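**Q** Below is the structure, and that's it, no one-letter string:
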């Protein structure tokens, strides 16, 4: 991977709704440097601490080596992507995807430690005496920012069912609004191309069970769009208007 392209992970947290699958979205403050004012999934770049093998002691589900094979990357980078996905989900939505369920107060304290930079994810798991459950995630998509952009990301998308009894609590410094998007909302939300297309594919399912089953059968290849005449041009010859105020090109 080009050193100028930052590794990132994001998670589509999904639940069953009246009209089918619903996806959790957060709208970022307009002043934020990346995707300010847009609706996004919880996610962010892979930090160096996310690759720390010490977290393997607090790991449940498919191990980093198995994910490395699925995503066709080195084990330490695969570990980083999975930990970043689960860490960002906790930081930005308050949802802890683990094999064990600590109390809400304990999760809130752990989240604050991450947000304040006082704790790593490995430290949080040790404090809570719980294990990450990567079996709750399914690999969903892979997008790489166009080469014409100054801020570029190699982003892996995952899907995860909202745990029973979990309550979403957004990180208010980075979120001005939240919603559970339904299929009827798809063309009304202010989103960028990767959000739109990954969400469109997810919302096409009648249930979360069907979505998760489909995720295990998907063939994932990098989507590398280009920018042309104010549009994002997709490899399958579909064009997505570049939203006003977004993009460097």
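**A** Done, it's in. Note that this is a predicted model, so its numbers are computed, not measured.

**Q** Just say helix, strand or coil for residue 200.
**A** Using DSSP: H, G, I helix; E, B strand; the rest coil, the structure places residue 200 in helix.

**Q** all helices in this structure, in order from the N-terminus.
**A** Using DSSP state H, the helices found in the chain span residues 64-71, 75-93, 104-115, 121-128, 193-203, 208-215.

**Q** wouldn't residue 51 be in contact with residue 78 here?
**A** No. Using Cβ atoms under 8 Å, residue 51 is not in contact with residue 78, being 9.2 Å away. Placement of C-beta: from N, CA and C, glycine included.

**Q** who's more crowded, these two?
**A** More crowded of residue 51 and residue 78, by other Cβ atoms under 10 Å: residue 78, with 24 against 20.

**Q** Next up, the contacts around that one.
**A** Residue 78 sits next to 64-65, 67-68, 70-71 when contact means Cβ atoms under 8 Å, 6 or more residues apart in numbering.

**Q** Most tightly packed of the helices of the chain?
**A** For the helices of the chain, the largest average neighbour count (mean count of other Cβ atoms under 10 Å) is found in helix 75-93, namely a mean of 24.

**Q** That one to helix 64-71, inter-axis angle?
**A** Angle, helix 75-93 to helix 64-71, by axes from the mean of the first three to the mean of the last three Cα atoms, to 10 degrees: 90 degrees.

**Q** and the angle for helix 75-93 with helix 104-115?
**A** Using the same axes, to 10 degrees: helix 75-93 against helix 104-115 is 120 degrees.

**Q** what inclination does helix 75-93 have with respect to helix 121-128?
**A** Taking the same axes, to 10 degrees, one finds helix 75-93 and helix 121-128 inclined to each other by 60 degrees.

**Q** and helix 75-93, how far out from the chain's middle?
**A** Relative to its chain's centre, helix 75-93 lies at 8 Å (Cα atoms, centre = their mean, to the nearest Å).

**Q** still on that earlier bit, for the contacts of residue 78, which one is nearest residue 162?
**A** Distance ranking of the contacts of residue 78 against residue 162, using Cβ to Cβ, places residue 67 first at 21.7 Å.

**Q** ok, for the closest one, nearest residue in space, not its chain neighbours?
**A** residue 78 (4.3 Å; Cβ to Cβ, 6 or more residues apart in numbering).

**Q** can you check residue 143 too?
**A** Per Cβ to Cβ, 6+ apart, closest to residue 143 is residue 194, 4.2 Å.

**Q** Okay, that neighbour and residue 82: tell me how far apart.
**A** Distance, residue 194 to residue 82, using Cβ to Cβ, to the nearest Å: 19 Å.

**Q** again with residue 42
**A** 14 Å.

**Q** likewise residue 139?
**A** 10 Å.

**Q** and if you look at residue 169?
**A** From residue 169 over to residue 82 (counting by Cβ to Cβ), the distance is 23 Å.
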